[in-house]
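Chemist: sequence-free structure coming up:
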């Protein structure tokens, strides 16, 4: 296997491990063992476990950007229909994963942001990316007359991101989709009804 393929494999497997187990429980040995590569291979590509996790977060940010672009800019229907469909897709994915996963940035934020400034900045960048897509979709909905012209779009997008992150946290605690369904019912059934 070419060396660059080893790096991609470690980032891919490491993404899964970080998602499932968090930062503290995902050691270098666990990453390399899951890839079938020697431990020394890890340090050939990454200066530290921190550098590795930060690169994974960067890839997650890019992944989220492409997913949000696909659903919110390239999807069918009105802007609010596309936004609601995105949350339905995320809810279905959470259920398919037995409610163990939420948002990788949210998971790492809870575990690392208070004790590591680099993680705090990286997580903030992921959240800013997500919120930016929400803002663009909500502005399009406002221009289409789906949302009142008086609505504070930046505040609304921030509220949606914050509410979703909280719903994901409650989902993990309850091992249930109920918090995600409640979020959607409140946002799309009451808050965003013109």
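Modeler: Now that the structure is in, tell me what you want to look at. Everything numeric in this text was worked out from a predicted model, so none of it was measured.
Chemist: my guess is residue 57 contacts residue 126, does it?
Modeler: Yes: at 6.4 Å, residue 57 counts as touching residue 126 under the criterion of CB atoms under 8 Å. Glycine gets a C-beta too; all of them are placed from N, C-alpha and C.
Chemist: nearest spatial neighbour of the residue nearest in space to the middle of the chain, chain-adjacent residues omitted?
Modeler: Taking CA atoms, centre = their mean, the centroid of the chain lies closest to residue 103, which sits 3.8 Å from it. The shortest distance from residue 103 to any non-neighbouring residue, by CB to CB, 6 or more residues apart in numbering, is to residue 168 (5.8 Å).
Chemist: can you say which helix or strand has the one you found in it?
Modeler: Assigned by DSSP states H and E, residue 168 belongs to helix 153-174.
Chemist: hmm, residue 10 is touching residue 42, no?
Modeler: Yes: under the criterion of CB under 8 Å, residue 10 makes contact with residue 42 at 6.4 Å.
Chemist: so for those two, which residue has more residues nearby?
Modeler: Neighbour tally, residue 10 and residue 42, criterion other CB atoms under 10 Å: the higher count belongs to residue 10, 25 against 21.
Chemist: flag every buried residue along stretch 72-85.
Modeler: For stretch 72-85, the neighbour count (16 or more other CB atoms under 10 Å) marks 72, 75, 79, 80, 82, 83, 84 as buried.
Chemist: export those to a markdown table and tack on secondary structure and distance to residue 33?
Modeler: Listed next are these as a markdown table, based on DSSP: H, G, I helix; E, B strand; the rest coil; distance: CB to CB, whole Å:
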| residue | secondary structure | distance to residue 33 |
| --- | --- | --- |
| 72 | helix | 38 |
| 75 | coil | 39 |
| 79 | helix | 45 |
| 80 | helix | 46 |
| 82 | helix | 41 |
| 83 | helix | 41 |
| 84 | helix | 41 |
